[in-house]
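>>> coords below, sequence missing:
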């Protein structure tokens, strides 16, 4: 199975098992501590493992929508890159840098958890929504929606790609 299909299945499994798309509830149920910090500057969040304890740190200056996206992104690191975090491999300069495979995978995970596939497809096929309308209807970022659509296309759906910034989580 390809990695991105595995990410889709893992995200769907977590949503189904915990009956929620709320990243803060998912973090609690997965045993991940979520902390807020006001000293992050432009950094939106980070994931760390310290003595087998898992932490997500979020910039408390972010709006609620962005906090949800960043928290879910960091849960993606927990699910896919915990060994790297435990080894100290995640450094501030890597976070949200889409050219790295790990950041792209965490963003795909966030899109899969937060944006329910059937709803995205309904908005596209039945309502003929564009990316801005989908983002508004789903209270999301247009770049996350564009990433979701690109991911669905890679999974075999016949969809038109939307332009997006791949580093949309990089700076505050």
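Yep, that arrived. Small disclaimer: the values here were computed from a predicted structure and weren't measured.
>>> For stretch 55-75, give the mean pLDDT please.
For stretch 55-75, mean pLDDT rounds to 94.
>>> Tell me which residues are up against that stretch.
22-24, 26-27, 30, 32-38, 40, 43-49, 78, 96, 106-107, 109-110, 113-114, 139-141, 144, 169, 172 (Cβ atoms under 8 Å, 6 or more residues apart in numbering). For every residue, glycine as well, the C-beta is placed using N, CA and C.
>>> Quick one, grab the pLDDT at whatever residue is furthest in space from the centre of the chain.
Largest separation from the mean C-alpha position in the chain: residue 126, at 25.6 Å (Cα atoms, centre = their mean). Predicted confidence (pLDDT) for residue 126: 94.
>>> Dihedrals phi and psi, it?
Dihedral angles of residue 126 (phi, psi; degrees, to the nearest 10) stand at phi -90, psi -40.
>>> can you check residue 33 too?
Main-chain torsions, residue 33, degrees, to the nearest 10: phi -80, psi 130.
>>> who touches the residue nearest the centre of the chain in this structure?
The chain has residue 110 as the residue nearest its centroid, 2.0 Å off, counting by Cα atoms, centre = their mean. By Cβ under 8 Å, 6+ apart, residue 110 lies in contact with 69, 72-73, 75-76, 144.
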